[in-house]
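Participant: predicted model and sequence follow; I will ask about them next.
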Amino acid sequence: MPRPPTTPDPSTATRPARPPSVDTLARSLASTGLPHAICVDIAREAIAADDVEGAPARASAFRRTLLTPVVNATGVLLHTNLGRAPVAFAQPARAVNVEFDLATGERGSRQRAVGQLFARLCGAEAAMIVNNNAAAVLLVTAALAHGRQVLVSRGESVEIGGSFRVPEVMEQSGAVLVDVGTTNRTRLADYRRALSRPAADVALVLKVHPSNYRVEGFVEETPVAQLATLGVPVVADIGSGLIDAGCPWLHGPPPSWLAGAPAAVQSLADGASLVTFSADKLLGGPQAGIIAGDAALVAACSHHPLARALRPGGLTLAALQATALTYLHKRTAEEVPFWRMVATPVAVVQARAEALASRIAGATAVPLEALPGAGSAPGATMASYGIRLTGDRLALLRAADPPIVARTRDGHTFLDLRTVDPADDDHLVAALSRATA
């Protein structure tokens, strides 16, 4: 005789399913590639929030907070938020003679190997490396002007990215800043007047490249060649790191947007005692700061206690050495990614844009203007080409793997191909096709 159907127990029918254990949920996230300890934390948070199903999304969101390669389609060649100059560098996991003299078998100088290369590149007696250009300016003023005066044009007493302010650097170094001239006009006579004051105790004249802004109109500045006649060491903070205004590594004349940009070779030839500049801007290398010029002044900087705190690590030195050797081998335009982007003819970029747009529904190839970026040439642009899509697709593009960073304007999304490596073209097409589906 068939048994009657069982009536569900109302006390259990509405009871929620028991969540998985933290360990079980954490192990299910192993495919994300995150360490197990982090997966455990994510699992705990998901269970506590009654969001077990959302644990994979939480893990994915955490991964996106980590450093990862991205495709720079912004048209800003030196994008500060994207690491400035792209650098490809690898070395085996072996010891390196960072501070070991192979000739004597004794302790050597961390600065010798790379310093000698940059001295040669800049036409200087000596050079040394610190971790960025702000550190270079801080070390120079601390080592050479502590407790003494440094003359700075009022128009060059600037603030650049990250709240780096010249007056505050002076204060931290122990030097005394003396403003010279006015915001828009500073003449040689203004410096001479400051030097002739009864209380003058001037150690240096500091000339600062304004970097991320430009003053136009009724303006005047005093060039290094004139400052060098004052009888006081001149430190030229050229900032953006152009080695030679003639750009001998390019197959042709210098780009027009570089007109007037200060360069290390020319600044030293004009009489600057020292130049300081960034390595990850127009040089196209890793983040570092270079101090080059008079050997005695460079030595005074290298012996200052701050030099140890501001010194770079072995990986930075090795990457910087590779960059310097590329310049000396005269392979810069081909092997330094920044200069390769600069040297690419706009017709080549246009052809790529048209070819890619033909593969993407709703995409159009359009002319664009790329920017050098990182305050290296304020106001300058260069002709470029890219792809335009209707609507804001930025979030969808950032969700790609690797993420694609683009920009929007007037309700359209633009991807500038001058800053995109051609090796990423197929990835770009796939991501854009998904974004427009």
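Facilitator: Yep, that arrived. Keep in mind that this is a model prediction, so the values were computed, not measured.

Participant: low-confidence stretches in the protein?
Facilitator: In the predicted model of the chain, residues 1-17, 160-164, 211-215 satisfy pLDDT under 70.

Participant: one more pass at 80, please.
Facilitator: In the predicted model of the chain, residues 1-17, 157-165, 210-219, 378 satisfy pLDDT under 80.

Participant: per-domain residue ranges of it.
Facilitator: Domain segmentation of the chain under automatic domain parsing yields 30-66, 71-84+339-436, 112-335.

Participant: can you put the ones you listed in CSV and add distance to E106 and mean neighbour count?
Facilitator: C-beta: built from backbone N, CA, C; applies to glycine. Listed next are the domains of the chain as CSV, based on distance: least, Cβ to Cβ, whole Å; neighbours: other Cβ atoms under 10 Å:
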stretch, distance to E106, mean neighbour count
domain 30-66, 41, 15
domain 71-84+339-436, 37, 19
domain 112-335, 13, 19
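
Participant: quick check on the closest residue to V166 other than its chain neighbours: phi, psi?
Facilitator: Once flanking residues are discounted, V166 sits nearest to S157: 4.9 Å by Cβ to Cβ, 6 or more residues apart in numbering. S157 has phi and psi values of phi -90, psi 80 when expressed as degrees, to the nearest 10.

Participant: now do the contacts for S157.
Facilitator: By Cβ atoms under 8 Å, 6 or more residues apart in numbering, the residues touching S157 are 166-167, 177, 179, 208.

Participant: please flag which of those residues sit within strands.
Facilitator: Of the contacts of S157, the ones assigned to strands by DSSP state E are 177, 179, 208.

Participant: would you mind giving the residues you listed as a markdown table with distance to A142 added?
Facilitator: A markdown table is the format used below for those (distance: Cβ to Cβ, whole Å):
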| residue | distance to A142 |
| --- | --- |
| L177 | 13 |
| D179 | 20 |
| V208 | 16 |
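
Participant: now, among those residues, which is nearest to S267?
Facilitator: Of all the ones in strands among the contacts of S157, V208 has the smallest distance to S267: 12.2 Å, by Cβ to Cβ.

Participant: correct me, but the closest one touches P167?
Facilitator: No: the criterion here is Cβ atoms under 8 Å, and V208 misses it with P167 at 11.1 Å.

Participant: ends of stretch 320-340, how far apart?
Facilitator: End-to-end distance for stretch 320-340: 17 Å, by Cα to Cα, to the nearest Å.

Participant: again, but for stretch 371-390
Facilitator: Taking Cα to Cα, the first and last residues of stretch 371-390 lie 23 Å apart.

Participant: can you check stretch 194-204 too?
Facilitator: Termini of stretch 194-204 sit 12 Å apart (Cα to Cα).

Participant: could you shift the numbering so residue one becomes 132, and keep it that way?
Facilitator: Sounds good: first residue 132 from here, last item stretch 325-335.

Participant: quick one: residues in contact with the host helix or strand of A561.
Facilitator: If you go by DSSP states H and E, A561 is part of helix 556-567. The contact list for helix 556-567, computed with Cβ under 8 Å, 6+ apart, reads 202, 204, 483, 487, 490-494, 518, 520, 524, 527-528, 531, 533, 535, 546, 551.

Participant: and of the ones in strands among the contacts of S288, the nearest to R175?
Facilitator: The closest of the ones in strands among the contacts of S288 to R175 turns out to be V339 (Cβ to Cβ; 51.2 Å).

Participant: please work out which residues outside whichever helix or strand T155 is part of touch it.
Facilitator: According to DSSP H and E, T155 maps onto helix 153-159. Residues outside helix 153-159 that contact it (Cβ under 8 Å, 6+ apart): 150-151, 167, 170-171, 173-175, 177-178, 183, 186-187.

Participant: one more time with 6 Å
Facilitator: For helix 153-159, contacts defined as Cβ atoms under 6 Å, 6 or more residues apart in numbering pick out 170-171, 174-175, 186.

Participant: what does stretch 189-199 give?
Facilitator: The set of residues external to stretch 189-199 that reach it, using Cβ under 6 Å, 6+ apart, is 160, 163, 165, 173, 177.

Participant: of those residues, which belong to helices?
Facilitator: In helices, judged by DSSP state H, the following of the contacts of stretch 189-199 are found: 173, 177.

Participant: contact partners for G424?
Facilitator: 255, 399, 404-406.

Participant: which SS class is A359?
Facilitator: helix (DSSP: H, G, I helix; E, B strand; the rest coil).

Participant: would you confirm that it contacts A367?
Facilitator: No: A359 lies out of contact with A367 (Cβ atoms under 6 Å); the separation is 9.7 Å.

Participant: ok, R241 touching E230?
Facilitator: Yes: using Cβ under 6 Å, R241 makes contact with E230 at a distance of 5.0 Å.
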